[in-house]
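**Student:** Using only what follows, build the 3D model:
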Amino acid sequence: GRTPLHLASANGYAEIVRELLQSDPLACLVHDEDGRTPLHLDMMKGLINIMIELVKARPEVAEYKLSHDETALHLGVRHNRLETLKVLVEMVTDGDLVNAQDDEGNTILHLAAANKQIEIVKYLLQRSEVDVNTVNINGFSALDIVEHFPKDFNVIELRELLVHAGALRAVRFYASTTHRAVVDNTNEKNSTIEVDIASVAPPSGKAILPPSFSGEIRKQKEDKHEEWIKEKRDSLMIAATVIAVMAYQAGLNPPGNVNIDNGRKLSRGLPIFWISNTVSFLASLSTIFLLMSGLPLGKKVLMWILTAIMWVTITFMALTYLESMMVISYATMEPENVMLIREHSYFERIGSIEVIECFMYVWLGIVAIVFLVHTIRILMIILQKCIHLVGQRITA
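**Tutor:** Residues are numbered from 1 along each chain as shown. Model prediction:
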């Protein structure tokens with residue numbers, strides 16, 4: 001179980017910790033049922049004052065490891081305790097401690113890089129005793145781990161920091177090194193045996209990351225995909241709701257009122273407006289319904305379908321706006337300035353409505369091109385997957 005010093009340290013009782021250490025300094029070396037010393041608990045919680053007292057009492061406590069060969073520094077990185085980590089590194093000047101490896105061969109730089117802890121990586125790279133090219137049991141350096149992550153701003157910054165500090169990919173590191181490593185102190189003739197590291201086969205380019213890192217990278221990819229789906233879903237819901245409200249209001253209150261003073265029925269000139277507004281309204285309602293129906297929207301194909309529906313909605317909303325401008329322009333003109341183009345459609349012979357119409361059709365053309373490009377893209381993806389499945393069946 002835990003000793004009184006474990007409990008006092010974990011709860012931050014600095015005065016009690018001092019009293020216990022004065023009576024028995026060796027108490028800080030005692031492990032609890034999980035193999036943790038009081039220092040391990042302090043590093044996990046970031047209790048700097050108590051950590052200083054423990055290290056002052058017995059400096060060797062910083063070298064004690066857990067069951068997976070993790071040091072207190074490993075715990076500090078895992079729990080993102082930068083300030084506590086700084087103090088411990090300053091107090092313990094042993095360079096071997098900051099380069100200590102757990103049972104998977106990972107140093108604290110490996111862990112910080114895997115967790116994308118930029119500030120911790122910056123601090124470690126400032127320490128001259130930190131070896132940036134240490135490789136774990138799978139032959140990966142810290143830079144190798146960063147290179148396996150999906151590219152984002154944090155990954156790019158981490159890569160720049162490591163490269164600037166002299167970090168290399170494991171394959172390049174093994175190929176470029178000219179150092180010699182002592183394998184055994186003596187042989188039969190009492191001579192030193194040396195092995196050229198450059199002659200050692202470098203790790204395979206298809207090597208698999210350690211389970212702890214590969215699982216974390218896979219989890220980050222899944223989290224990124226889920227975040228993209230959530231953002232896309234929220235954006236579609238907001239846009240569809242706003243357009244549905246606009247279309248509903250436009251349907252109840254058509255532009256230019258229903259009649260005009262000269263006695264002609266304006267409703268006879270609104271067929272395109274009614275059609276465009278109705279399509280926009282129903283398409284936005286369909287998007288809202290699909291988003292709220294509980295369908296598995298985690299697939300990008302389904303999200304693309306919803307996006308395509310929103311394109312249709314926006315397009316017909318633009319047509320509704322164009323027809324509204326034409327109707328309003330007609331309603332505010334004198335009869336002699338109006339020309340009958342079709343049976344139920346009027347517009348100003350020369351005026352700003354023609355400019356609006358031209359710009360609207362240009363915009364609709366751009367939307368159509370973008371829609372066509374995305375359609376071709378999704379069809380290519382589906383075709384590639386079909387070819388891949390057919391190829392697997394043939395080879396099977």
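
**Student:** only C-alpha atoms for contact and neighbour calcs from this point on.
**Tutor:** OK.

**Student:** Can you show me the helices along the stretch 1-150 of the chain?
**Tutor:** 4-10, 14-23, 38-45, 48-57, 72-78, 82-91, 95-98, 108-114, 118-126, 142-147 (DSSP state H, counting those that start in this stretch).

**Student:** how about the ones you listed, which one is nearest Gln249?
**Tutor:** helix 118-126 (50.8 Å; Cα to Cα).

**Student:** How far off centre is the strand or helix carrying Glu354?
**Tutor:** Of the helices and strands defined by DSSP states H and E, Glu354 is found in helix 352-395. Chain-centre distance of helix 352-395: 27 Å, with Cα atoms, centre = their mean, to the nearest Å.

**Student:** Remind me what it packs against, helices and strands.
**Tutor:** helix 300-331 (3 or more Cα pairs under 8 Å, 6 or more residues apart in numbering; DSSP states H and E).

**Student:** which one of the helices of the stretch 1-150 of the chain has the lowest average pLDDT?
**Tutor:** Among the helices of the stretch 1-150 of the chain, helix 95-98 has the lowest mean pLDDT, at a mean of 81.

**Student:** Pull out the buried positions in that helix.
**Tutor:** By neighbour count, with 16 or more other Cα atoms under 10 Å as the criterion, the buried positions of helix 95-98 are 97-98.

**Student:** before we move on, what about stretch 67-77?
**Tutor:** Here stretch 67-77 shows 69-77 as buried, counting by 16+ other Cα under 10 Å.

**Student:** hmm, who's touching that stretch?
**Tutor:** For stretch 67-77, contacts defined as Cα atoms under 8 Å, 6 or more residues apart in numbering pick out 35, 39-40, 43-44, 46, 62-65, 82, 84-85, 88, 98, 100-103, 107-108, 111-112, 120.

**Student:** and the end-to-end length of it?
**Tutor:** Stretch 67-77 stretches 17 Å from its first residue to its last (Cα to Cα, to the nearest Å).

**Student:** Repeat that for stretch 94-104.
**Tutor:** End-to-end distance (Cα to Cα), stretch 94-104: 21 Å.

**Student:** Number of residues surrounding the nearest residue to Gln117 once chain neighbours are set aside?
**Tutor:** Among residues not flanking Gln117 along the chain, Asn80 sits closest, at 7.5 Å (Cα to Cα, 6 or more residues apart in numbering). Close neighbours of Asn80, defined as other Cα atoms under 10 Å, add up to 20.

**Student:** Now do the phi/psi pair for Asn80.
**Tutor:** phi 60, psi 50 (degrees, to the nearest 10).

**Student:** residues in contact with Leu85?
**Tutor:** 43, 73, 76-77.

**Student:** Now the two most distant members of those residues.
**Tutor:** Met43 and Val77 (9.0 Å).

**Student:** Could you say which helix or strand holds Gly166?
**Tutor:** Per DSSP H and E, there is no helix or strand for Gly166.

**Student:** For burial, what's the neighbour tally of the residue lying closest to it once chain neighbours are set aside?
**Tutor:** In space, and not counting its chain neighbours, Gly166 is closest to Val132: 7.2 Å by Cα to Cα, 6+ apart. When neighbours are defined as other Cα under 10 Å, Val132 has 22 of them.

**Student:** same thing with the one 5 residues further on?
**Tutor:** One way to gauge burial is a neighbour count; for Ile137, by other Cα under 10 Å, it gives 14.

**Student:** Now it: closest residue in space that isn't a chain neighbour?
**Tutor:** According to Cα to Cα, 6+ apart, the nearest residue to Ile137 is Gly105 (5.1 Å).

**Student:** The one you found and Asp131, how far apart?
**Tutor:** 13 Å.

**Student:** Can you list the residue ranges for strands in the stretch 101-250 of the chain?
**Tutor:** 180-184, 193-196 (DSSP state E, counting those that start in this stretch).

**Student:** Distance of Ile238 relative to Leu290?
**Tutor:** 13 Å.

**Student:** And those two? Which one has more around it.
**Tutor:** Each of Ile238 and Leu290 has its neighbours counted (other Cα under 10 Å); Leu290 has more, 16 against 12.
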